[in-house]
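Trainee: Pasting the sequence and the predicted model now:
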Amino acid sequence: MSNYSSKHGMARTRLYGIWCHMIQRCGNPNNSRFKDYGGRGIIVCDEWKEFTLFMEWSLANGYNDTLTIDRKDNNGNYEPDNCRWATNQEQCNNMSKTVYIEIDGIVDTFLGWSQRTGLPRTTLTSRYYQRKLRGKMLIEPIDKSKVRIRR
């Protein structure tokens with residue numbers, strides 16, 4: 001790891017922890033997440049290998065303790081043009097495994113449709129994966145008189 005902590009006094013901060021984890025995911029083959037980052041060729045740009053430059057970019061681009069670092073292009077590197085500070089929901093919506101569902105011309109995720117309809121996200125995912133419902137059928141109320149209960 002680096003010895004920058006003595007220079008910036010930020011070693012015990014959340015932002016420094018985020019930076020350390022980013023560096024480790026991309027550069028340390030022994031890191032448990034390396035296969036998903038460095039193992040896929042994702043790197044940290046040279047500029048951000050120095051914590052103080054990463055910190056300056058972060059503070060100028062909306063960092064606060066409720067946000068996480070998010071790569072706009074999941075296959076892209078950690079660099080200023082490809083990163084942003086995002087909420088957990090924004091981060092989840094940007095994952096490569098996120099499923100987008102279109103209903104009446106509106107495209108959203110399971111979480112988004114849950115918020116729009118009031119249906120639990122788990123109900124929507126169950127309908128989608130187990131019952132293979134798509135489109136409007138995914139969010140319509142179920143006629144319980146037609147549901148067979150397996151025993």
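Mentor: Received, thanks.
Trainee: Return the residues in contact with the residue nearest to R33 when sequence neighbours are not counted.
Mentor: Once flanking residues are discounted, R33 sits nearest to R25: 4.6 Å by Cβ to Cβ, 6 or more residues apart in numbering. The way it works is simple: take the backbone N, C-alpha and C, and place the C-beta from them, glycine included. R25 makes contacts with 31, 33-34, 36-38, 42, as judged by Cβ atoms under 8 Å, 6 or more residues apart in numbering.
Trainee: And the average pLDDT for the helix or strand harbouring R25 is what?
Mentor: For R25, the element it lies in under DSSP states H and E is helix 14-27. Rounded to a whole number, the mean pLDDT of helix 14-27 is 97.
Trainee: Same question for it: list its buried residues.
Mentor: Using 16 or more other Cβ atoms under 10 Å as the test for burial, helix 14-27 gives 15-16, 18-20, 22-26.
Trainee: Next, format these as CSV and append distance to L133.
Mentor: Below are the buried residues of helix 14-27 laid out as CSV (distance: Cβ to Cβ, whole Å):
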residue, distance to L133
L15, 43
Y16, 46
I18, 39
W19, 43
C20, 43
M22, 39
I23, 43
Q24, 41
R25, 36
C26, 39
